[in-house]
Every structure is written in structure tokens, then in C-alpha cells.
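J.: could you work out the structure for the sequence below:
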Amino acid sequence: MPKQLFGTDGIRGVAGEYPLDPATVHAFGLALGGDLRRASRDPAVLIGMDTRESGSWIASQVAAGLARQNVPAVSAGVITTPGIAYLTRSSQFTAGVMISASHNPYRDNGIKVFGHSGFKLPDEEEHLVEQEIFRHLGEAPGSPLELSPDPALAERYLEYLASTVSGSFEGFHIVLDCGNGAAYRLAPALFGRLGAKIEAICCQPDGRNINLDCGALHVDPLRAAVLESGADFGVAFDGDADRAIFVAGNGQIVDGDAVLLIAARALKAAGKLDGNLVIATVMSNLGLERALTREGIALARTPVGDKYVLEEMVRAGAMLGGEQSGHVIFRQYATTGDGLLTALRILEIARDHGASLAELTADLEIYPQRLQNVRVRERRALHELEAVAHEIEQCQQEFGAAGRVLVRFSGTEPLARVMVEGPDLARVDEFTNRIAAAIRNEIGE
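T.: Numbers count the residues shown, from 1 in each chain. I've put the predicted structure just below:
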């Protein structure tokens, strides 16, 4: 039976509405607490959140549900998703819960769960927790349980990140766009203590401005700030700072694909790229694959979601993987994508090579790629949608090995995502529009 609540990145929805209404959130705490009680004699849970106004009441309901199972909860307050993953695996916590909808608008929120290993729960365990949630849904939610954040936890995370860097970043000028999200205090503190000159923007969260025309999905403000200030580069984080997108000093956008190329070369040169293998998703550009091939590095692809990237990294023994969207996993240091850690690694490589980001990616030829989202009323197998299947086949026949077409349903929203990639931008645009129109006609909202 497929999962009904957990998507590719936990449970997500509009805060206050099912499945993020108080009753269901409370039932989640009960279900998780029962699951942990069965697996451990003395469980404890760490809870963190981003800056959305709904984060506090969701955390209180999760903690109340856990308490009914006699599972204590500790709050890290506002912290990044990878911060929760690190603290969970490096401390006594049996599980970590992050309350965030990542790059989504403030009205949305979500619940992500990490095991003591620092890995997100496997699909099978998520399914079991789901069944327990449904079992508890008929019960009236108890009173919320307010938690006082422990600031020492975020400091431990910062100390760990700083410890992964050799030397300092003195002499570098960096612009940080924190997206009014979870990194708004952590990022300036981290890079400041490592000696860089810092200019921080979008660091005034008010509960409703997270990701609002800023951060990793909206890099124009960062680009303008980098060019105006003459900074060496800029980095933009999303709401929970598990991804990072860069802007080079010349204004060039450096996305997750470019970061994977920069990091793969550096790791291979240092003899630390086990198997000369990088794991990416089906969304990564053909240009990355061909650039890595020229370096003698193989690229393996997974479904979209850093959870699936990490699973394949562990299975294949790969040390580097990530997504075009900016989730990059350095398995030597972390069990999830970490925007702060990624920024440290890229700045370290630029420093050690005496090169700018533009120079480090100069030979990366990006194939024209178009993405289009179509809101849908239902999900159906693509082979059942005759017109859609026909348009996809036409695109594949025209581009052959020089292009790709990918149509998939979002794991977190009622969307069909259309991606077309090929050597000719006009034809890429045409096929993207044709496929999207066919989906809209067949199952559009």
C-alpha cells in the first residue's frame, strides 16, 4: 500500500490544514513516540524548526504527542535541517524532528524525521508510522507542550562545521542570502568566525517572509548585491538551509550541478572520490554528465530527492552526491544536504586553487533545459495518458542521445513537473509547452 502522508521529504502541507492540522500533528507525535518506544528502552527526540510562524505550535503538538508515550523532547529552536541531522546522530537522541517546508512559502510547513543514524527514516518505517497516525486520529489532541530552546545545541553544530575547515577565509568577501530562514543567525556567525568579510541580506525573519523573493529559489537580489559590492561570491540558502546556490563574482549563477563538478574534481585530485563516482538525480543536466566523463568520473542517477541520492551513495560507496537544486551531500561530513557545509567546501576549494567560481566552472557546458509545473487534480500513470505519451515519444525521437525528457509527479505538491533538455532552445521550449499542454488537457486542475 503506498504511503499517504509522507512524500519525498516528510509530511508537508498547508499549516493548520490536514495533514498539518493540530489533531494530525498530535497523532504524529503519538505514532512516532510509540515507534521509538518499541525500538528503544530510553528514547529521546530532538525538535528543530525554521522561521515560519506555524513552527512553534506544530513543535508543541509533536512534543505533546511524544509526552503521552513518555518520550521526552528537547528543542534546538530555530536551526537548519542538517543541524538537526548532525545533532541527532552525534548525541543521545533516538530521533530528530525538523519542522520546515524547505523552499515553500510561509503558509506551508512540514515534518521531517531523522533516525539516530542521521538518516531520514526508510520508506518502510515511514509507512508504519503512518498507520499509527491513522489509528490515533480519532483521539482528541491533548494540550500543547511548550519547549524552551537550548542555544548550546546550535553552537555545537557551528563548532562542528568550523572544525571541518583547515585555515581561515581571511581576505574573502562573501554575500550571504539567508532567505529569512533557518540560517539567518548561523551563516553569518559561521563565516564571520572563520575570518571572511561578511555581508548578510534577508536575515530579518518575521514568520511570513521566509523564501519571499529571496534565498536559493530567487537569486536576483543576491546577484545584485554581489555585483554592487564587488564580493568574491555570494551564496543563497533556502528556508531550512539544506541547499545552497552560488553567485560568482562576475554575476554567474552556480547551481548544484556546477558545485558537484567543482567538488568532484577536487576530491578526485585529493584521492578522496571513492570509485570516481558521483550520484545525482534525473534532473541534473547532461552537461554535468559529459564534463564528469571527460574527467574520468562516472555519474549515476536516482529519482528526485536527496533521500534517494543518499541511499544510492551508501549502496555504491560514493562520497559525493546531490541535486541541481543545490542539495549537495559530502558523505565524509554529513548524512544530508547541508547548505552551510557546501559553502565551506566551495570556498575552501576556491581558496586552495586560487581561482574564482567562474574559472572553476568555465568548461561546464549547460544544455538548454526547461522546467514547467502543471497543477493536477489527480495522478495517473503516464502510459494511461495517450496524448501525453505521444508528445513525450515525439520529443525523445527528435533529440535521441543529445537530449532528455522527464515527466514526474511532485512528492510534496499536486504538480506534474515537465523537464525537457536538448541542444536547441527553441525546440526544447516547444516540446516543454506541448507536453505540459497535454497534461493540462488530460488531468489539469
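
J.: can I assume L340 sits in a strand?
T.: No: counting by DSSP: H, G, I helix; E, B strand; the rest coil, L340 is not part of a strand but helix.

J.: what ranges does the chain have for its helices?
T.: With helices called from DSSP state H, the chain shows them at 22-39, 55-68, 81-90, 123-136, 151-163, 186-193, 220-229, 256-269, 286-294, 306-316, 339-353, 357-360, 386-399, 425-443.

J.: wait, which of these is closest to D206?
T.: helix 55-68 (12.8 Å; CB to CB). All C-beta spots, glycine's among them, are computed from the backbone N, C-alpha and C.

J.: gap between the two ends of stretch 9-25?
T.: Distance between the boundary residues of stretch 9-25 (CA to CA, to the nearest Å) amounts to 16 Å.

J.: how is the protein partitioned into domains?
T.: As assigned by automatic domain parsing, the chain contains the domains 6-153, 154-252, 254-341+348-360, 369-443.

J.: need the ones you listed in TSV (columns: mean pLDDT and mean neighbour count).
T.: Putting those into TSV (pLDDT from 0 to 100; neighbours: other CB atoms under 10 Å) gives the following:
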stretch	mean pLDDT	mean neighbour count
domain 6-153	94	21
domain 154-252	97	21
domain 254-341+348-360	95	20
domain 369-443	91	17
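
J.: closest one to S143 among the helices of the chain?
T.: Taking CB to CB, helix 55-68 is the member of the helices of the chain nearest to S143, at 6.3 Å.

J.: output stretch 411-426 as CSV, nothing but the C-alphas.
T.: Extracted in CSV, the C-alpha atoms of stretch 411-426 (Å, rounded to 0.1, in the frame of the first residue of the first chain):
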residue,chain,number,x,y,z
GLY,A,411,6.3,14.3,-4.0
THR,A,412,5.2,17.3,-2.0
GLU,A,413,2.6,19.2,-4.1
PRO,A,414,-0.2,18.4,-6.5
LEU,A,415,2.0,19.1,-9.5
ALA,A,416,3.2,17.3,-12.6
ARG,A,417,6.8,18.5,-13.4
VAL,A,418,7.9,18.6,-17.0
MET,A,419,11.6,18.8,-17.8
VAL,A,420,13.0,18.9,-21.4
GLU,A,421,16.6,19.2,-22.2
GLY,A,422,18.3,19.3,-25.6
PRO,A,423,20.8,21.1,-27.9
ASP,A,424,18.3,23.6,-29.4
LEU,A,425,16.5,26.0,-27.0
ALA,A,426,13.6,26.7,-29.4
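
J.: gap between that stretch and the chain center?
T.: Distance of stretch 411-426 from the chain centroid (CA atoms, centre = their mean, to the nearest Å) equals 18 Å.

J.: so which of the helices of the chain comes closest to N209?
T.: Taking CB to CB, helix 220-229 is the member of the helices of the chain nearest to N209, at 12.4 Å.

J.: helices or strands up against that closest one?
T.: On a contact count with 3 or more CB pairs under 8 Å, 6 or more residues apart in numbering; DSSP states H and E, helix 220-229 meets strand 173-177, strand 197-201, strand 233-237, strand 244-248.

J.: include distance to S102 when you put these into a markdown table, please.
T.: Formatted as a markdown table, these follow (distance: least, CB to CB, whole Å):
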| stretch | distance to S102 |
| --- | --- |
| strand 173-177 | 15 |
| strand 197-201 | 20 |
| strand 233-237 | 11 |
| strand 244-248 | 13 |
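
J.: which one of those strands lies closest to M98?
T.: It's strand 233-237; of these, that one is closest to M98 (CB to CB) at 14.6 Å.

J.: was I right about T342 contacting V259?
T.: Yes: counting by CB atoms under 8 Å, V259 is a contact partner of T342 at 6.3 Å.

J.: which residues do these two both contact?
T.: Among the neighbours of T342, those also in contact with V259 (CB atoms under 8 Å, 6 or more residues apart in numbering) are A244, G326, V328.

J.: next one: the residue nearest to the last one when sequence neighbours are not counted from V309, what distance?
T.: Right, V328. Nearest residue to V328, sequence neighbours excluded (CB to CB, 6 or more residues apart in numbering): G322, at 3.6 Å. Distance, G322 to V309, using CB to CB, to the nearest Å: 6 Å.
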